[in-house]
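Asker: Need coordinates for the below:
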Amino acid sequence: MMSKVALMAVIAVGGASAFVPTTGFLPKARLATSATSSLGLRPAGRTGSASLKMQVAAGQDTAALTRVATEARGLAMDSIAAAKSGHLGLPLGCAEIGAVLFSDFLQYNPKDPQWINRDRFVLSGGHGSMFLYSWLHIAGYELPMEEVKNFRQYHSMTPGHPEFPNSEHNTPGIEATTGPLGQGVVNAAGIAAAQKMEQAMFNTKDHEIFDSVTVALCGDGCLQEGISHEGACFAAHEGLDNLIIVYDSNDVTLDKMAEYTQSEDTAARYEAYGWEVVTIDGHDLAAIKKTMDGFRTAKNGKPKLLVAKTIIGKGIDEVAGTNAAHGEAGVAYVADAKEKLGLKEPWEVSSDTREFFKGVTTSKTETYNKWQDTFKAWKGANKEHAAKLDSFVKGEVPSAEEMFKGIPEFDQDKDIATREAGSVVINPVADLVPQFLSGSADLHGSNKNYIKTGGNFGRGFDKTYTGKNFYFGIREHAMGAIMNGIAFHGMFRPSGATFLVFVCYMRATIRVAALAEIPTTYILTHDSIGVGEDGPTHQPVETVSSLRVFPNLDVMRPADPEETVGAYVHSAQRKDGPTALILTRQNVRTLKEIPVKTRREGTLKGGYVAKKESGDLKLIILAAGSELQWAMDAAKEIGDGVRVVSMPCMSIFDKQDQKYRDEVLPPACRNRMAMEAGVGSPWYKYVGLDGKVVSVEKFGFSAPGDLVMKEFGMTAENCIKEAKAMM
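Answerer: Numbers count the residues shown, from 1 in each chain. Model (predicted):
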């Protein structure tokens, strides 16, 4: 490790030359030759005086930006010290990056934070949230100083990690919920994809109304997570050259210096993916500006990676450049550090800085107003497109009644798999909701979720940026994060598909979607031991139940084609969270004894009476998905006193009023049985201690699906046997 004396020398110099030691934990900065050529940059190992000349030549007010960066550091120090909690390293180490982004590079209007042509900034390293809160406040967003001071406190606008505006938080300028490392950089790829789509859909040769880019800031932690690899491959392959990742390369992770756990050449790795890569001194204001400006204009089909060599915790000498700087270890030294930086007041933002950012706001408002003129002219010349864009921005969708009318009824005498029903339903849904997108992790043929008139998204082959079908490759984790990014963007409604058993690869992204209350749809097929011959590695047993425990995730397991219609309509209409559609591989009986209207509308309520008893109520059988057919057959065989309740979605049913729930499940009848081909624990809240759950509590085996189902008791005969034992 570098000696303390050498470390302090690096901090003192602060120039590009500080980042080319021959020994120690800061490896020699690597500058991609191709990037240097295309952007006209010099190698990172220049002298401090050359760095200063570059800043002057770039026309920056270096003194003002340096002061602003210092004050942003001070805000982070004070808020984290007051909270006695938080992460100092990133906000201090990336202050110069923030100064360039928010004073110059980013296209935004703090008075209209939802401006549709704004650049999107994603703080992938969400633990460094005081970086973002400091800059949003300084830049003039509606984030008062009292909220900056209230960092990490109950119901504040400044929670521990950035949270996308939802029912709990509404902090302007937050473009994504981040914190789980690696997800933010892939959310950014999803946002960039949505930007490519809006550009292709709405720009014309006479009026360019969309030209924004996406910027994400990350550290070693994000790039160590495997999801970043998946997302980087997708972004390069589909030519997302409007995506810029700023890599805070400080050679530090939480436990140890980064060299303890990594030795790869990250810049070379990204070049191999097909990214444009530049390495600079992350404290050199002019180098940051020139590189970022070059990235914006380089429409070369390559996403951009800026490797910014920084000193973590810069400004607190006692911990700067070490893993101790990552968290709040530097809090003990804040008072001395602020004095050395010339910060005399708590949460100091000087009048000079306020005045400087008034000028920034004026400049950005001029850009915004010019855009408004262009937008007005575009609307006048493109009335149909303008109406469509307005509908997309507002998130308008037809009513459930209108959607049901637009989806033909299925042949009631034909038995098909619910995934097959889904392949039919998704097409009129996409017509009725034109912002509805689809995609699959290399399983379109099996998931059967292809939008036939949608075209394919991306570049090359038969793809365009207006395509509605995404080919994510075998990348479930990235698929989930890209979908979240598209949803964070706000104009489109993404869906993505894989086998249900592989949803475990993307659970972290589903959790973020549920927390952020964004309307993503997961199409998860091959839903049970009915998968058959592929065996237990591909037969979900615990998976549906494990998804049901997510707050704010609607898990819908329809029983037949008409319930599948109801499930798709719900997913296309929902605006406050994600929906998982759980669909069968094997054929199921179309339940024609239940009216089509009852099946469709009942699904929207989460549960409904599928068969009402004709005599005194003696037993209620609850079921979902492929097991409803057996419950219906069993009730018919047993006799008059049996009611069957279809429960395609527990979370939706639980939100119905008490009157409706009691009508479906009368409290007086405690004799209840549930049947489902999966782990049965969620059903006990309905059947109670007096009830019974016929379920699958161990892994399956390789054999034809109907045989596996029979061995586990998922038949009408076993349902009859178990029900009679309770009567």
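Asker: Not counting its neighbours along the chain, what's nearest I652?
Answerer: G606 (3.0 Å; CB to CB, 6 or more residues apart in numbering). The way it works is simple: take the backbone N, C-alpha and C, and place the C-beta from them, glycine included.
Asker: Now that the one you found has come up, it's in contact with V645, right?
Answerer: No - in this structure G606 lies outside contact range of V645 using CB atoms under 8 Å: 10.6 Å.
Asker: thinking again about what came up before, name the helix or strand for the residue nearest to I652, please.
Answerer: In the assignment (DSSP states H and E), G606 maps to no helix and no strand.
Asker: tell me the phi and psi of it?
Answerer: phi 90, psi -30 (degrees, to the nearest 10).
Asker: Return the distance of it relative to P666.
Answerer: 17 Å (CB to CB, to the nearest Å).
Asker: Settle it for me: which of the two has more neighbours?
Answerer: The neighbour count for G606 versus P666, taken as other CB atoms under 10 Å, is higher for G606 (24 against 12).
Asker: now that one: how far from P558?
Answerer: Relative to P558, and taking CB to CB, G606 is found at 11 Å.
Asker: which residues do the two both contact?
Answerer: P648 (CB atoms under 8 Å, 6 or more residues apart in numbering).
Asker: Run through who's touching whichever helix or strand W135 is part of.
Answerer: Per DSSP H and E: W135 is located in helix 129-138. For helix 129-138, contacts defined as CB under 8 Å, 6+ apart pick out 68, 71-72, 75-76, 79-80, 86-88, 90-91, 94-95, 98, 101-102, 110, 121, 123, 143-145, 147-148, 151, 158-162, 171-174, 217, 349, 353, 357.
Asker: 6 Å instead, please
Answerer: Defining contact as CB atoms under 6 Å, 6 or more residues apart in numbering, one finds that helix 129-138 is touched by 72, 75-76, 79-80, 90-91, 94, 98, 102, 123, 143, 148, 158, 161-162, 173.
Asker: what's the answer for stretch 565-580, then?
Answerer: For stretch 565-580, using CB under 6 Å, 6+ apart, the contacting residues are 397, 400, 403, 407, 425, 429, 433, 436, 513-514, 517, 519-522, 524, 547, 552-556, 558, 581, 600, 603-604.
Asker: for stretch 77-96, same thing?
Answerer: 69, 72-73, 76, 125, 127-128, 130-131, 148, 151-152, 248, 250, 283, 285, 310-315, 325-328, 330-331, 334, 346-347.
Asker: Give the buried residues for that stretch.
Answerer: 77-83, 86-96 (16 or more other CB atoms under 10 Å).
Asker: just how off-centre is it within its chain?
Answerer: 25 Å (CA atoms, centre = their mean, to the nearest Å).
Asker: what ranges of this protein fall below the confidence cut-off?
Answerer: Counting by pLDDT under 70, the chain has low-confidence residues at 1-58.
Asker: Nearest residue to the middle of it?
Answerer: Residue closest to the mean C-alpha point of the chain, counted by CA atoms, centre = their mean, is N484 at 2.8 Å.
Asker: three-state assignment of that one?
Answerer: helix (DSSP: H, G, I helix; E, B strand; the rest coil).
Asker: one step back: so how far is the helix holding W135 off the chain centroid?
Answerer: 21 Å.
Asker: Same check on stretch 372-383?
Answerer: 32 Å.
Asker: Ok, stretch 534-549 next?
Answerer: Remark: stretch 534-549 is offset 23 Å from the chain centroid, using CA atoms, centre = their mean.
Asker: what's next to it, contact-wise?
Answerer: By CB under 6 Å, 6+ apart, stretch 534-549 touches 500-501, 529, 531, 555, 580, 582, 650, 678-679, 681-682, 696, 699-700, 702.
Asker: How far off centre is the helix or strand S228 falls within?
Answerer: S228 is part of helix 226-237 when elements are defined by DSSP H and E. Distance, stretch centre to chain centre, for helix 226-237: 14 Å (CA atoms, centre = their mean).
Asker: quick one: buried residues of it?
Answerer: Buried, per 16+ other CB under 10 Å, within helix 226-237: I227, S228, H229, E230, G231, A232, C233, F234, A235, A236, H237.
Asker: thinking E175 is in contact with R118, fair?
Answerer: No - counting by CB atoms under 6 Å, R118 is not a contact partner of E175; they are 8.9 Å apart.
Asker: could you pull out the helices for the stretch 551-700 of the chain?
Answerer: 561-573, 596-604, 628-638, 650-654, 658-664, 684-687 (DSSP state H, counting those that start in this stretch).
Asker: and the gap between M506 and L500?
Answerer: For M506 relative to L500 (CB to CB), the value is 11 Å.
Asker: and what of H87?
Answerer: For H87 relative to L500 (CB to CB), the value is 37 Å.
Asker: next one: G606
Answerer: 19 Å.
Asker: what does Y108 give?
Answerer: Applying CB to CB to Y108 and L500 gives a distance of 40 Å.
Asker: Let me see the contact set for the residue nearest to the centre of the chain.
Answerer: N484 touches N187, T509, V512, A513, counting by CB under 6 Å, 6+ apart.
Asker: ok, those residues vs P494, which is closest?
Answerer: Minimum distance to P494 across the contacts of N484 is 9.8 Å, recorded for A513 (CB to CB).
Asker: so how many other residues sit close to that closest one?
Answerer: A513, neighbours per other CB under 10 Å, totals 30.
Asker: hmm, back to that, ok, now which ones touch the residue nearest to I652?
Answerer: Contacts of G606 by CB under 6 Å, 6+ apart are C649, I652, F653.
Asker: Turn those residues into CSV, including distance to A272.
Answerer: Output for the contacts of G606, formatted as CSV (distance: CB to CB, whole Å):
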residue, distance to A272
C649, 44
I652, 46
F653, 50
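Asker: ok, now how distant is the residue in the chain sticking out farthest from the centre from V360?
Answerer: Centroid-distance maximum for the chain: G615 at 50.6 Å, with CA atoms, centre = their mean. In this view, G615 and V360 are 77 Å apart by CB to CB.
Asker: who has more neighbours, Y108 and L500?
Answerer: With neighbours defined as other CB under 10 Å, Y108 and L500 compare such that L500 has more, 29 against 26.
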